[in-house]
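S.K.: take a look and give me a structure for this.
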Amino acid sequence: MESENKNNVNPSSLNKHLILIMSVASGLTVANIYYIQPLLAGIAQYYHVTQGYSGLLATLTQIGYALGLLLILPLADILEKRRLVLTMLLGAAISLLLLFFSPTITIALFASFGIGFCSVIPQLLIPFAAQLANPKERGKIIGSIMSGLLIGILLSRVVSGFIGRYMMWKNIYFIAAFCMLLLWVALRFILPKSYGDSKIKYIESLKSMIVLIRQFPALREASVVGAMVFLAFSAFWTALTFLLQSSSYHMGTDVAGLFGLVGVVGALFSPWAGKISDKKGARFTVGINIVVIIAAYIVFGIWGFQLCGLIVGVILLDLGVQSCNVSNQTRIHQLSEEARNRITSVYMVSYFLGGALGSWLGTVSFQRFGWIGVCFIGLFSQLIAGYVHINGKRNNV
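M.R.: Numbering: from 1, shown residues only. Presented below is the predicted three-dimensional model:
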């Protein structure tokens, strides 16, 4: 076998074309997690279950993603990254096809978990890009790839919303599986090989994440803040479908999906947020974005039953959440070169566990307390985020 140093990539391999390819790949794969959100009401009718039960599909997808981040990302510090990415793409394609053919809600729940578990490719690519980037441009490059990822998140709702309105909702999963196979072919020839820098064994790498949590106060702070921010994000997007189909709006899944286009405005500011993090400091940017998310939920609470209020709130919410995530990742990627993927794993597991909780709370709160209950959940989560941020240790990272 050739040596790791001989086969490992070097910074010169990170060019604009590779960044673009990584961005597209991140967007296509992360979309798998979010196709479900505009479809929940239709899925409940298809399987003859309650809306709350159908909401478990979104929750299990995000739990699967969090578990995938926990178990798969540490492997990127040990194994060859391209092979790992290709393996996860095949797993995602199989899980997507399973959901497409699922005859019962039980099988659909199992497939949803598998989709989330295998769709961790973006979080393999982002640390890889950070590894290759010039430290002075790291925030900008992370922001560029995050833009692709976040636009994938938001446009996934547009596509699945229209398919849910005009076609059988399952068709989106067949299309997504086909995209995964095409992506497998493309990345097989385009993505460079990159061997892990760590000599640590897999089990030891899992145990070492506990040490990393203790070692880096900035990681603890970013993880809790990230979880609360994504909780607010997921609660809104899960409940939005039910709000738009309620007596207040009488709108379909296609309109719910179109709100993803509005959210793209916020996603496009991710590179800008990365630049601010490079200049002003990531911690400063995180604090500003928590305030922006609070403003979004105030708008939702006061004007949420008016279409213009929802549009303004979505722009603010997506701007705050996506910029906060970019700033948090810029911050944690500076903590350790050798343990970058494990640090990313700790952060993203916390992030998506917060998202899974938000999906569940958004569904339950809307059923029991209506839209105001959802707004309360969003505001309360940001009070927690703000408290942790203000009282966190002032690390110069």
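S.K.: going by C-alpha atoms from here, please, whenever you check contacts or count neighbours.
M.R.: Noted.
S.K.: where do the strands sit along the stretch 151-300 of the chain?
M.R.: In the stretch 151-300 of the chain, no strands are defined using DSSP state E, counting those that start in this stretch.
S.K.: and the helix or strand containing Leu316, what's buried?
M.R.: Using DSSP states H and E, Leu316 sits within helix 307-332. Residues 309-332 are the ones in helix 307-332 that count as buried (16 or more other CA atoms under 10 Å).
S.K.: now do that helix: which elements does it pack against?
M.R.: helix 138-166, helix 217-244, helix 253-267, helix 270-280, helix 282-303, helix 340-391 (3 or more CA pairs under 8 Å, 6 or more residues apart in numbering; DSSP states H and E).
S.K.: go ahead and confirm Phe259 touches Ile311.
M.R.: Yes: with contact defined as CA atoms under 8 Å, Phe259 counts as touching Ile311 (7.4 Å).
S.K.: need the three-state assignment for Ala111.
M.R.: With DSSP: H, G, I helix; E, B strand; the rest coil as the basis, Ala111 sits in helix.
S.K.: that one against Ala93, yeah?
M.R.: No: using CA under 8 Å as the test, Ala111 is too far from Ala93 to be in contact (10.7 Å).
S.K.: before we move on, back to that, closest one to Leu75 among the helices and strands packed on helix 307-332?
M.R.: helix 340-391 (8.2 Å; CA to CA).
S.K.: give me the helices and strands touching the closest one, please.
M.R.: Looks like helix 340-391 contacts helix 51-72, helix 121-132, helix 202-215, helix 217-244, helix 282-303, helix 307-332 (3+ CA pairs under 8 Å, 6+ apart).
S.K.: residue ranges in the stretch 151-300 of the chain under the pLDDT threshold?
M.R.: For the stretch 151-300 of the chain, the stretches with pLDDT under 70 are 196-199, 253, 266-280.
S.K.: Tyr195 and Ser23, how far apart?
M.R.: 21 Å (CA to CA, to the nearest Å).
S.K.: which one's more surrounded, those two?
M.R.: Ser23 (26 against 21; other CA atoms under 10 Å).
S.K.: which residues touch that one?
M.R.: 144-149 (CA atoms under 8 Å, 6 or more residues apart in numbering).
S.K.: how does it look with 6 Å?
M.R.: Applying CA atoms under 6 Å, 6 or more residues apart in numbering, we find Ser23 in contact with 145, 148.
S.K.: could you check the angle the helix or strand where it lies makes with helix 138-166?
M.R.: Assigned by DSSP H and E, Ser23 belongs to helix 16-34. Here the directions of helix 16-34 and helix 138-166 differ by 40 degrees (axes from the mean of the first three to the mean of the last three CA atoms, to 10 degrees).
S.K.: list the buried ones in helix 16-34?
M.R.: By neighbour count on 16+ other CA under 10 Å, the buried set for helix 16-34 is 19, 21-34.
S.K.: again, but for stretch 71-87
M.R.: So, applying 16+ other CA under 10 Å, buried residues of stretch 71-87: 71-86.
S.K.: which of those fall in strands?
M.R.: If you go by DSSP state E, those have nothing in strands.
S.K.: related to what we said a few turns ago, Asn391: which of the helices and strands packed on helix 340-391 is closest?
M.R.: Smallest distance to Asn391 across the helices and strands packed on helix 340-391 (CA to CA): 9.2 Å, for helix 217-244.
S.K.: what's the closest one packed up against?
M.R.: In terms of contacts (3 or more CA pairs under 6 Å, 6 or more residues apart in numbering; DSSP states H and E), helix 217-244 is packed against helix 340-391.
S.K.: angle of the helix or strand following the helix holding Ser23 against helix 253-267?
M.R.: Sequence-wise, the next helix or strand downstream of helix 16-34 (DSSP H and E) is helix 40-47. Orientation check (the same axes, to 10 degrees): helix 40-47 against helix 253-267 gives 140 degrees.
S.K.: how far is helix 40-47 from where the chain is centred?
M.R.: 24 Å (CA atoms, centre = their mean, to the nearest Å).
S.K.: CA atoms only: put that helix into PDB for me.
M.R.: Output of helix 40-47 as PDB, limited to C-alpha atoms (Å, rounded to 0.1, in the frame of the first residue of the first chain):
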ATOM      1  CA  LEU A  40     -46.000  15.400   6.400                       C
ATOM      2  CA  ALA A  41     -49.700  16.200   6.100                       C
ATOM      3  CA  GLY A  42     -50.000  14.200   2.900                       C
ATOM      4  CA  ILE A  43     -48.000  11.300   4.400                       C
ATOM      5  CA  ALA A  44     -50.400  11.200   7.400                       C
ATOM      6  CA  GLN A  45     -53.300  10.800   5.000                       C
ATOM      7  CA  TYR A  46     -51.500   8.200   2.900                       C
ATOM      8  CA  TYR A  47     -50.700   5.900   5.800                       C
END
